[in-house]
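Asker: all I have is the shape, not the residue letters:
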């Protein structure tokens, strides 16, 4: 096992502070409070970003000279029977200096321990006063196995020069098209190292890589309104993996944007829809895996969509949903979550019946279970991130009621004829979002067509799907028999994390879409400059 000096500092710090006593008096009685649990996380990231606009590099921060570091402290004080007052705090922008790091953690630990005790006292006050209204606000710790895992550091490879040149040439070429106002690409590379230690004996050191290429194009429609177009490629394996996917995507985009400049805007209404496999993965991620099946959100009352639904049917009986953080080669892969708990394969929905929630240690106690290792977060302290929370890694949507993919469109056309509907839609996208408070779900199409019963297709744009999980997912009639993989970056209060979905295409008979008013641009006074 590799010795690591930072892990040793983190262990020593926890050992020192676990015996610290705080005195307080309640109704003239002296009470001695000691920490019941302390955990420390420390992260380092080496980041490189190259920004290319219309063929020219806007910024290039060099080979991994942009780095960030941060640490977090979590302390619990209280008692096992009633629960713990807790305090989680994180600090960012640190020098990579062992002695400085040790002093900073030691200084902040004093404040965090005192704050945890204040949290404990405050929760006692609130529970006595409004117990029936709010319920238990204490934190808990499930009795999970203790793991020690030390991983060797990954070899850091820079963004390939040939990839930079390819995107410079490509964005320049696209920007010269008469109907393109701007062509933009971002190459992003991040190498992370994470250390985690807690007072129960867990010790984790692991490493990860994230590479991505983001392509965005501002298209001018032939009726002079703007259409933003975007596509991204992600990989946790390396740049060779990205290069393999990029060639096909770059060759397809010119055809897509040519069609979009002549696309029509559909009327707001309900339509029968065939969703692509990527879209189905997005729908399940946002409407169920994103937050609606989060044990913490259900415990705290933030999400009620699937509350009290365990062992009840929530989807069609032919649908099974699994999340497997340790799926080999998957983009959302991780071995241990942010609490040092091994990420476990969980069957969330089995033959339409809800079987499990995604859990961290606190919500696991609420449901009388062990954690399934789904506490996740991006960074420790940033404009973006906060306390880690239960989130999915690699969702798989499995169907036992399928037909060849090409038959889905025939089923849609037949449905239109039988129900006297002018046309249905085919929607392909990987972009969506859900409002956790209301469960309202929006899906923003990347590619979409009207499908007419006689086989005609018409490209459409400037609309979004607006619905609720129950209304949409319970309607699935049949799926395709081939599965596609969607990779993406999921955004939430706990930051940006890599996720993956594997799903089949699906036919849903009633889907509400909302047209959007286009942003009209004035015509150019002169023609675009030519080479």
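Answerer: Alright, I've got the coordinates. As the structure is a computational prediction, the values presented were derived from the model and not from experiment. Numbering: from 1, shown residues only.

Asker: could you list the buried residues of the longest strand out of those in the chain?
Answerer: Looking across the chain with DSSP state E, the single longest strand is strand 495-515. Across strand 495-515, burial judged by 16 or more other CB atoms under 10 Å covers 495-509, 511-513. C-beta coordinates here come from the backbone N, C-alpha and C atoms, glycine included.

Asker: that strand pairs with which strands, and in what direction?
Answerer: strand 269-275 (antiparallel), strand 394-399 (parallel), strand 463-467 (antiparallel), strand 478-492 (antiparallel) (DSSP bridges).

Asker: can you put these in a markdown table and add mean neighbour count, distance to residue 420 and mean pLDDT?
Answerer: Listed next are those as a markdown table, based on neighbours: other CB atoms under 10 Å; distance: least, CB to CB, whole Å; pLDDT from 0 to 100:
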| stretch | mean neighbour count | distance to residue 420 | mean pLDDT |
| --- | --- | --- | --- |
| strand 269-275 | 22 | 12 | 97 |
| strand 394-399 | 23 | 29 | 97 |
| strand 463-467 | 20 | 22 | 93 |
| strand 478-492 | 19 | 21 | 94 |
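
Asker: output these as JSON lines; include the columns distance to residue 162.
Answerer: Shown next, in JSON lines, are these (distance: least, CB to CB, whole Å):
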{"stretch": "strand 269-275", "distance to residue 162": "36"}
{"stretch": "strand 394-399", "distance to residue 162": "30"}
{"stretch": "strand 463-467", "distance to residue 162": "37"}
{"stretch": "strand 478-492", "distance to residue 162": "22"}
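
Asker: right, and the ones you listed - which one's nearest residue 12?
Answerer: Nearest to residue 12 among the strands paired with strand 495-515 is strand 478-492; the distance by CB to CB comes to 33.5 Å.

Asker: ok, residues contacting that closest one?
Answerer: 212, 232-235, 276-278, 280-282, 285, 290-291, 318, 331, 389, 391-392, 399, 401-405, 408, 411, 430, 496-507 (CB atoms under 8 Å, 6 or more residues apart in numbering).

Asker: repeat for stretch 465-474
Answerer: 273, 283-284, 287-288, 292, 305, 314-316, 319, 427, 432, 434, 439-445, 508, 511-514.

Asker: redo that, cut-off 6 Å
Answerer: 287, 305, 315, 439, 441, 442, 443, 512, 513, 514 (CB atoms under 6 Å, 6 or more residues apart in numbering).

Asker: in stretch 220-228, what's buried?
Answerer: 220, 221, 225, 227.

Asker: just checking, the third one touches residue 522?
Answerer: What that stands for is residue 225. No: contact between residue 225 and residue 522 fails when scored by CB atoms under 6 Å: they sit 10.8 Å apart.

Asker: among the strands paired with strand 495-515, which comes closest to residue 113?
Answerer: Short answer: strand 478-492, nearest of those by CB to CB, at 28.4 Å.

Asker: buried stuff in stretch 411-426?
Answerer: 411, 412, 413, 415, 416, 421, 423, 424, 425, 426.

Asker: now it: mean pLDDT?
Answerer: For stretch 411-426, the mean per-residue pLDDT is 97.

Asker: ok, back up a step: any chance of the buried residues of stretch 411-426 in JSON lines, plus distance to residue 185 and secondary structure?
Answerer: Conversion of the buried residues of stretch 411-426 to JSON lines gives the following (distance: CB to CB, whole Å; DSSP: H, G, I helix; E, B strand; the rest coil):
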{"residue": "411", "distance to residue 185": "38", "secondary structure": "helix"}
{"residue": "412", "distance to residue 185": "35", "secondary structure": "helix"}
{"residue": "413", "distance to residue 185": "38", "secondary structure": "helix"}
{"residue": "415", "distance to residue 185": "40", "secondary structure": "helix"}
{"residue": "416", "distance to residue 185": "39", "secondary structure": "helix"}
{"residue": "421", "distance to residue 185": "40", "secondary structure": "coil"}
{"residue": "423", "distance to residue 185": "35", "secondary structure": "coil"}
{"residue": "424", "distance to residue 185": "34", "secondary structure": "strand"}
{"residue": "425", "distance to residue 185": "30", "secondary structure": "strand"}
{"residue": "426", "distance to residue 185": "28", "secondary structure": "strand"}
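
Asker: let me know the closest of those to residue 137.
Answerer: Nearest to residue 137 among the buried residues of stretch 411-426: residue 425, at 45.7 Å, using CB to CB.

Asker: in the helix or strand where residue 71 lies, what counts as buried?
Answerer: Assessed by DSSP states H and E, residue 71 sits inside strand 66-79. Across strand 66-79, burial judged by 16+ other CB under 10 Å covers 68, 69, 70, 71, 72, 73, 74, 75, 76, 77, 78.

Asker: could you do stretch 108-116 as well?
Answerer: 108, 109, 112, 113, 114, 115, 116.

Asker: restricted to strands, list those.
Answerer: Among these, no member is found in strands (DSSP E).

Asker: what's the first helix or strand after the longest helix along the chain?
Answerer: Longest helix in the chain, counting residues (DSSP state H): helix 98-134. Next helix or strand after helix 98-134 toward the C-terminus (DSSP H and E): strand 148-150.

Asker: chain center to that next one: distance?
Answerer: In terms of CA atoms, centre = their mean, to the nearest Å, the centre of strand 148-150 is set 25 Å apart from its chain centre.

Asker: against which helices or strands is the helix or strand just after it packed?
Answerer: Counting by DSSP H and E, the element after strand 148-150 in chain order, helix or strand, is helix 161-175. In terms of contacts (3 or more CB pairs under 6 Å, 6 or more residues apart in numbering; DSSP states H and E), helix 161-175 is packed against strand 37-53, strand 180-198.

Asker: excluding its backbone neighbours, what's nearest residue 323?
Answerer: residue 392 (4.7 Å; CB to CB, 6 or more residues apart in numbering).

Asker: any idea which element residue 256 lies in?
Answerer: According to DSSP H and E, residue 256 maps onto helix 239-260.

Asker: would you mark the buried spots in that helix?
Answerer: By neighbour count on 16+ other CB under 10 Å, the buried set for helix 239-260 is 239, 241, 242, 243, 246, 250, 253, 256, 257, 259, 260.

Asker: report all helices and strands that that helix contacts.
Answerer: strand 203-220, strand 226-235.

Asker: out of the ones you listed, deepest packed?
Answerer: Across the helices and strands packed on helix 239-260, averaging neighbours per residue (mean count of other CB atoms under 10 Å) puts strand 203-220 on top, at a mean of 20.

Asker: how far does that one sit from the chain's center?
Answerer: On CA atoms, centre = their mean, the centre of strand 203-220 falls 12 Å from that of its chain.
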